[in-house]
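Colleague: sequence? don't have it. structure:
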Ligand SMILES: Cc1cc2nc3c(=O)[nH]c(=O)nc-3n(C[C@H](O)[C@H](O)[C@H](O)COP(=O)(O)OP(=O)(O)OC[C@H]3O[C@@H](n4cnc5c(N)ncnc54)[C@H](O)[C@@H]3O)c2cc1C
């Protein structure tokens, strides 16, 4: 327990807001999926909060924010705790603010929803479906992750091939934020200002409410198509990237992933490469006739209910970072890289990677749109041996023209998906003037300082 904090004074200010101090729960709530990275696992496995606080309303969030500012208590906001980079792991103790009781769907209108930040994505998507609409995108962790955590920690996912990534204009319409000050304020961010708090790892204000765009819902079907050549999975994926097609997911994995998908053994044999897709009814015929043109054979096409009845996983649990999870379930020595490919896609890059790294690297690609353009990303699996070797493989991707976002650091700046510029720094000063929010997550120099017990003045 951090002895510099006046805990009785802090607790008294919280009144009857729920506080959890059982060591077992506090430790559990101090975890996320940082163990995907053996490097982060080493760094973060002994980082715990002191207490967990569970607000049930925005008014309680404000009380917590005021008490944190008054007693200088560090706070780490937590949604579902499914982040991959230790984003929700407190580096210097303090409290975890568990947002999962703020679940109210405030308003569903034509083309938008206004919802509390702690709503589970799956429950929210189910709710908006009742109005004939759907969320534009969600992570493959939709059954565990909160909508606030997705906006604060995520980037895109299932639906991104159709609607782009979270930071694309219009996808997130507004964020309502509580500042961490003695007298907390409410700030509403709209338009380009949303970027100030998106992917900021809860370092610059507590999101209590969001307004998100919606589109008419589509009855998505799950498909698997098999190929002899890996390059053909990508060519097929590229052919599907057309505005007039209803496509919600295109994910490709090489044949060596088959060993991790035992439930799908009849549909994804070990001698074939696979495309996992979600397609709308209007595109099914085109999908079926395009596949053979690229050497593909359809092995599965099912609706949600049919998959459930057959006890098979949906396509999205075989995509994005669920792919990595499937491998980790059978062998904890796998880890992964996050790679952006140069445009246009050059198959030679993957040929070189396969030749040079053999069974040390397994290929997995994702299709998404960014600012309207189709892009190819990759989350290749890497057999972890040493830190140096992991970064050697990462450097090889970069030398071949790819961009690598570092999944083995817990800081925003070094992770590389967001630039911590003067606008970010100014908003941090406004929303968290005492530097209490998730200390150490902005950049590595800050992490080093707070872990060494020094004051961060950067
Ligand atoms: C198997 C697997 C698959 C994944 N697939 C994807 C994917 O497809 N796409 C993707 O983008 N990510 C993916 N992720 C990462 C992660 O699941 C998503 O980013 C997810 O949406 C995080 O939501 P969460 O509620 O679990 O957030 P948490 O992990 O609880 O929090 C994430 C970050 O947001 C902050 N935060 C949470 N709530 C708030 C709030 N209300 N206000 C301010 N800050 C807040 C936290 O402090 C933390 O820094 C995946 C992870 C796993 C383990």
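Modeller: Okay, I see it. If you're wondering where the values come from, they're calculated on a predicted model, not measured in any experiment. Residues are numbered from 1 along each chain as shown.
Colleague: what does this protein put close to the ligand?
Modeller: The chain comes close to the ligand at residues 32-33, 76-84, 87-88, 99, 117, 139-141, 145-146, 148-150, 152-157, 201-202, 206-207, 320-322, 325, 438, as judged by Cβ under 6 Å from any ligand atom. In short, each C-beta sits where N, CA and C put it, glycine included.
Colleague: In strands, which of the residues you listed appear?
Modeller: Secondary structure from DSSP state E places 76, 77, 78, 206, 207 of the residues of the chain next to the ligand in strands.
Colleague: Could you chop this protein up by domain?
Modeller: With domains defined by automatic domain parsing, the chain comprises 7-99, 105-217, 221-405.
Colleague: any idea how far the last one is from the chain center?
Modeller: Looking back up the chat, that one is domain 221-405. Offset of domain 221-405 from its chain centre (Cα atoms, centre = their mean, to the nearest Å): 17 Å.
Colleague: can you give me the helices in the stretch 351-458 of the chain?
Modeller: Under the criterion DSSP state H, counting those that start in this stretch, the stretch 351-458 of the chain contains helices at 387-399, 412-415, 422-431, 444-451.
Colleague: which secondary element of this structure has the worst mean pLDDT?
Modeller: Least confident element among the helices and strands of the chain, by mean pLDDT, DSSP states H and E: helix 444-451 (a mean of 88).
Colleague: how about that helix: buried residues?
Modeller: 446, 447, 449, 450 (16 or more other Cβ atoms under 10 Å).
Colleague: can you put the residues you listed in a markdown table and add distance to residue 229?
Modeller: Output for the buried residues of helix 444-451, formatted as a markdown table (distance: Cβ to Cβ, whole Å):
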| residue | distance to residue 229 |
| --- | --- |
| 446 | 46 |
| 447 | 43 |
| 449 | 50 |
| 450 | 49 |
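Colleague: which residues sit against the helix or strand containing residue 128?
Modeller: Using DSSP states H and E, residue 128 sits in helix 121-129. Contacts to helix 121-129, defined as Cβ atoms under 8 Å, 6 or more residues apart in numbering, come from residues 103, 105, 108, 113, 115, 134-135, 138-139, 141-143, 145-147, 150, 214, 217.
Colleague: do stretch 92-99 as well
Modeller: By Cβ under 8 Å, 6+ apart, stretch 92-99 touches 1-2, 5, 26, 29-30, 48-55, 61, 64, 68, 73-79, 88, 90, 117-118, 146, 148-149, 206, 436, 439-440, 450-451.
Colleague: Report the mean confidence score over it.
Modeller: Confidence for stretch 92-99, expressed as mean pLDDT, is 96.
Colleague: Next: stretch 330-337.
Modeller: Regarding stretch 330-337, the rounded mean pLDDT is 95.
Colleague: before we move on, the earlier item: put together TSV for the domains of the chain, with mean neighbour count on each row.
Modeller: Output for those, formatted as TSV (neighbours: other Cβ atoms under 10 Å):
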stretch	mean neighbour count
domain 7-99	20
domain 105-217	20
domain 221-405	18
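Colleague: And those domains: which comes nearest residue 422?
Modeller: Nearest to residue 422 among those is domain 105-217; the distance by Cβ to Cβ comes to 11.4 Å.
Colleague: Work out the gap between the closest one and the centre of the chain.
Modeller: Centroid displacement of domain 105-217 relative to its chain, using Cα atoms, centre = their mean, is 12 Å.
Colleague: Let me see the mean pLDDT of that domain.
Modeller: In this model, domain 105-217 has a mean pLDDT of 97.
Colleague: do the same with stretch 421-437
Modeller: For stretch 421-437, mean pLDDT is 93.
Colleague: rewinding a little: immediately after the helix holding residue 128, which helix or strand?
Modeller: Counting by DSSP H and E, the next helix or strand C-terminal to helix 121-129 is strand 133-135.
Colleague: Which of the three states applies to residue 339?
Modeller: Secondary structure for residue 339, judged by DSSP: H, G, I helix; E, B strand; the rest coil, is strand.
Colleague: Return the distance of it relative to the ligand.
Modeller: With the distance defined as Cβ to the nearest ligand atom, to the nearest Å, residue 339 ends up 15 Å from the ligand.
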